[in-house]
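[1] No letters, just coordinates:
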């Protein structure tokens, strides 16, 4: 007989995340625990329920028929557990308030938010901020992240997404790489390109590269936009970069690239929309984007 009081809620939460991801390693990354811990939780849950929930193999973890049935009941429960965590963070008060965790891309954190933390601290010296480099929306749903900035609009009903100023993208190189050449005369088919890692998949920059037939010109790739910028500054080649950051680094734009603009979204959970401390942080984020990405910020 199954003891309802003995059900491991951490095990159920891990089960739901693994089911969403299809991978123990990805689930472990989202939950900030080891793969061994995830595996141990799943083993314990399967033993408690007397059911095999996953078929685990080198290609991931696939739900069994029983696992799919259990997921339909467990997933709403996991959302409620996340809601409890979010509400607890929002309701906490006093001198030991938790940090506000903001999740964003590396470039946004390094070039938009971090340089303007002093403005937020001047407004509220007691506030503490954690800046997390991530593209994952799962941590926001789980209650471990308070605010996220994403380059794709999420559509979950539980989330609020507000559009931020458009980020103009362009191709940039250093004066040393150009070696006196007119940027208007550059033919990309005969240049060295430094680009985002193909592991990012079909993001706008990678689709543009394929459409232009320039994949053979790429001499260096990285998952880090800041690495691409530093390589461009060092004269390695031409890189796709946010205009505001590239110009601040002294790089020269190669005109008429036709790279698509990026639309960032400020994302937060509906449960926290009226929390004064989080409202203050969200207003600061909007102001930081306006300062960084306005035409004046691109000078």
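    Okay, I see it. Small disclaimer: the values here were computed from a predicted structure and weren't measured.

[2] Which residues lie in contact with the residue nearest to residue 262 when sequence neighbours are not counted in this structure?
    Nearest residue to residue 262, sequence neighbours excluded (C-beta to C-beta, 6 or more residues apart in numbering): residue 167, at 4.3 Å. Any C-beta I mention is one placed from the backbone N, CA and C, and that applies to glycine too. The contact partners of residue 167, by C-beta atoms under 8 Å, 6 or more residues apart in numbering, come to 242, 243, 244, 261, 262, 263, 264, 293.

[3] how many neighbours does the last one have?
    Yep, that's residue 293 we're talking about. Close neighbours of residue 293, defined as other C-beta atoms under 10 Å, add up to 23.

[4] For the closest residue to residue 34 other than its chain neighbours, pull up the helix or strand it's in.
    Excluding the flanking residues, the one nearest residue 34 by C-beta to C-beta, 6+ apart is residue 28, at 5.9 Å. Assigned by DSSP states H and E, residue 28 falls within helix 24-31.

[5] Now the terminal residues of stretch 196-208, how far apart.
    12 Å (C-alpha to C-alpha, to the nearest Å).

[6] swap in stretch 149-164?
    9 Å.

[7] neighbouring contacts of it?
    Under the criterion C-beta under 8 Å, 6+ apart, residues 79, 102-105, 108, 135, 137, 140-141, 203, 262-271, 273, 285-286, 289 lie in contact with stretch 149-164.

[8] Now do the buried residues in that stretch.
    The neighbour-count check on stretch 149-164 (16 or more other C-beta atoms under 10 Å) flags 149, 150, 159, 160, 161, 164 as buried.

[9] can you give me the helices for the chain?
    For the chain, helices defined by DSSP state H occupy the ranges 9-21, 24-31, 35-49, 65-91, 106-108, 117-123, 138-141, 175-178, 204-212, 225-233, 243-248, 276-293.
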